[in-house]
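Asker: compute the structure for the input listed below.
(one chain, ligands or ions: 2)
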Amino acid sequence: MQCKNGLIFVSLPKIYLSMKTNTSIFSLLGIIVLFFTPNLYAQSCVGTSTINITISAPPTATITNGASVTIPIGGNVVLTANAISGATYEWMLNGTVVASGINLNTYTATQAGSYTVEITNAAGCSGISAATVAAVPSGFNVPFKIFLQGAYATGGNAMTTNLAATAGTIPTAQPYNTSPWNYSGNESLSSIPSNMTDWVLIEAVNATTYSLVESRAAVLLSNGSVQDVNGATGATFTTLANGSSYHFIIRHRNHVAVMTSTPITISGTMTAYDFTTAVTKAFGTNQMKALSDGRFGLLSGDTNANGIITVADYNVYAGQSSQFGYRAGDCNLNRTVEVADFNQYQVNASHIAIPQVRYQ
Ligand SMILES: [Ca+2]
Ligand SMILES: [Ca+2]
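Answerer: Ligands and ions are numbered 1, 2, ... in the order given. Now for the predicted structure:
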């Protein structure tokens, strides 16, 4: 028996030879001929010898996870190869064997790199899979669910995407690089997702002193989910400590900022902190608006984003009245500054945010 992808070396008796030249071994004939000597055919044949060569196809080796996977920090991804009973599996990371054994068709990957698996079947033939490249993000993805009152127009557990619907309205670069945020992060998008409601700015703060630790601008999707510009679910923070706890502040251009009512412990596999389920999910008293269907969202109308809804916010609105586009005075995020925006400001006027999130 010989594997199809191997070479056959035949020791030829000096004078007696008969070759079976069927199709399946014909391609090997060229190799064999190299052993011939010119005077071989001149000798008399007095017998025959038959070599039976069985060509066995190598096993197919496939890592079913696909060409790439992402391993959460501190977590793992189980890679799975096609199962062949009795076969031996050899898992490799960047070409170095990291695990091997019979029927070992899974491997728990914890490190970044290029994974392949070589499968050797019971006949001794082997095949090597295409690589699965595993990446480990350079930070923690902290997920949230957030609704904005102004964009929660019709309920249904989803916000509007009116800004994204008109190309060029939502900037591709994060917009929090001006006062009062003055956040200089370079988060940007190559294109605006059609299900994007707007940008939000998320801050991790010390769990006891509330001092700022790290900021990240991220994409707020219409379903309330926060998505990092790198595509991860959640906002990616790179300096937070695994196992440590932080409060998180959620800021939006013209809504009142909120903070998590409890600290969140950082890990590689975090579940979303859902602000929408109860007003108490926001630190302080009545810091969110009851929406039309029992959910909760950030209060609209803080057009200067300082954490207090006053006449100063009205003045921003009035100064942009009838304007179109990406405007602070567009409290309901429909791309037009109009009376409906004033109405949102008016019902929330005099609201005061907790001191931890206010700019004054
Ligand atoms: Ca204000
Ligand atoms: Ca509007």
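Asker: from memory residue 256 sits against residue 302, does it?
Answerer: Yes: under the criterion of Cβ atoms under 8 Å, residue 256 makes contact with residue 302 at 4.7 Å. To be clear about C-beta, it is placed using only N, CA and C from the backbone, and glycine gets the same treatment.
Asker: overlap of the contact sets of these two?
Answerer: 309, 348, 351, 353 (Cβ atoms under 8 Å, 6 or more residues apart in numbering).
Asker: possible to save the residues you listed as TSV with pLDDT, secondary structure and neighbour count?
Answerer: As requested, these are exported to TSV (pLDDT from 0 to 100; DSSP: H, G, I helix; E, B strand; the rest coil; neighbours: other Cβ atoms under 10 Å):
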residue	pLDDT	secondary structure	neighbour count
309	98	coil	26
348	98	helix	20
351	98	coil	18
353	98	coil	24
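Asker: mind listing the helices for the stretch 51-200 of the chain?
Answerer: Per DSSP state H, counting those that start in this stretch, the stretch 51-200 of the chain carries helices over the ranges 162-165.
Asker: closest point of it to ligand 2, which residue?
Answerer: residue 150 (7.8 Å; Cβ to the ion).
Asker: so who does that residue touch?
Answerer: Neighbouring residues of residue 150 by Cβ under 8 Å, 6+ apart: 254, 255, 300, 301, 331, 332, 333, 341, 344.
Asker: identify the farthest-apart pair in the shared contacts of residue 256 and residue 302.
Answerer: 348 and 353 (11.0 Å; Cβ to Cβ).
Asker: so what sits against both of these two?
Answerer: 256, 302.
Asker: what residue is smack in the middle of this protein?
Answerer: By Cα atoms, centre = their mean, the chain has its centre lying nearest to residue 232, at 3.6 Å.
Asker: who are the contact partners of that one?
Answerer: So residue 232 contacts 70, 137, 141 (Cβ under 8 Å, 6+ apart).
Asker: about what we covered before: just the closest of the contacts of residue 150 to ligand 1, please.
Answerer: Nearest to ligand 1 among the contacts of residue 150, with distances taken as Cβ to the ion, is residue 301, at 7.9 Å.
Asker: can you count the residues close to that closest one?
Answerer: Counted with other Cβ atoms under 10 Å, the neighbours of residue 301 add up to 29.
Asker: just the pLDDT for it.
Answerer: For residue 301, the model assigns a pLDDT of 98.
Asker: which residues touch it?
Answerer: Per Cβ under 8 Å, 6+ apart, neighbours of residue 301: 150, 254-256, 309, 313, 331, 344-349, 351.
Asker: any idea how far residue 325 is from it?
Answerer: Separation of residue 301 from residue 325 (Cβ to Cβ, to the nearest Å) stands at 19 Å.
Asker: likewise residue 97?
Answerer: Computed as Cβ to Cβ, the residue 97 to residue 325 distance reads 58 Å.
Asker: okay, these two: which has more neighbours?
Answerer: Taking other Cβ under 10 Å, residue 97 and residue 325 do not tie; residue 325 has more neighbours (14 against 10).
Asker: now that one. Nearest residue, chain neighbours left out?
Answerer: Among residues not flanking residue 325 along the chain, residue 169 sits closest, at 6.0 Å (Cβ to Cβ, 6 or more residues apart in numbering).
Asker: residue 246: what's it in contact with?
Answerer: Residue 246 neighbours (Cβ under 8 Å, 6+ apart): 204, 205, 206, 207, 213, 240, 263, 264, 266.
Asker: which ones among the contacts of residue 150 also lie next to ligand 2?
Answerer: 332, 341 (Cβ under 5 Å from the ion).
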